[in-house]
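Asks: model the structure of this input:
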Amino acid sequence: MSSISPEEVAKIAKLARLKLSQDEIALYQRQMSRILDSMAKLRQLDTQAVPPTASVPWIEPSPREDEPAAFSNASALVALAPEREGPYFKVRKVIE
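Replies: Below you'll find the model as predicted:
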């Protein structure tokens, strides 16, 4: 079983500028260990006969027409904004 230490989780969190509680560190430690275990299992697969691919060629993209549509609940969306002015998002000026 691959294992990642609580210290490694804390270091990754610090690099990502995340503040984690001890419970969150323990949770992420378990989750990251499971991910590393899954990757180890994948490394064991014999892929010698499988050609490298950049995409899955048998899946056809399904383009659709880009049609404008009214959004029925704009006020609820604007209510989530940290700052607003009337029915609009308020953002700081970025262009002089």
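
Asks: determine the longest helix present in the protein.
Replies: Taking DSSP state H as the criterion, the chain has its longest helix at helix 22-43.

Asks: where does the protein dip in pLDDT?
Replies: Scanning the chain for pLDDT under 70 picks out the ranges 1, 56-57.

Asks: report the central residue of it.
Replies: The residue lying closest to the centre of the chain (C-alpha atoms, centre = their mean) is residue 16, at 12.9 Å.

Asks: from the chain's centroid, how far away is stretch 17-35?
Replies: 15 Å (C-alpha atoms, centre = their mean, to the nearest Å).

Asks: give the buried residues for that stretch.
Replies: 20, 25, 28, 29, 32, 33 (16 or more other C-beta atoms under 10 Å). C-betas here are computed from N, CA, C, even on glycine.

Asks: out of those residues, the closest to residue 41 would be?
Replies: Proximity of the buried residues of stretch 17-35 to residue 41 was ranked by C-beta to C-beta; the top entry is residue 33 with 12.9 Å.

Asks: that closest one and residue 22, how far apart?
Replies: 17 Å (C-beta to C-beta, to the nearest Å).

Asks: do the same with residue 10
Replies: Taking C-beta to C-beta, one finds residue 10 at 9 Å from residue 22.

Asks: please apply the same query to residue 16.
Replies: Residue 16 is 17 Å from residue 22, by C-beta to C-beta.

Asks: how about residue 7?
Replies: Residue 7 is 12 Å from residue 22, by C-beta to C-beta.

Asks: check residue 94 too.
Replies: Residue 94 is 39 Å from residue 22, by C-beta to C-beta.
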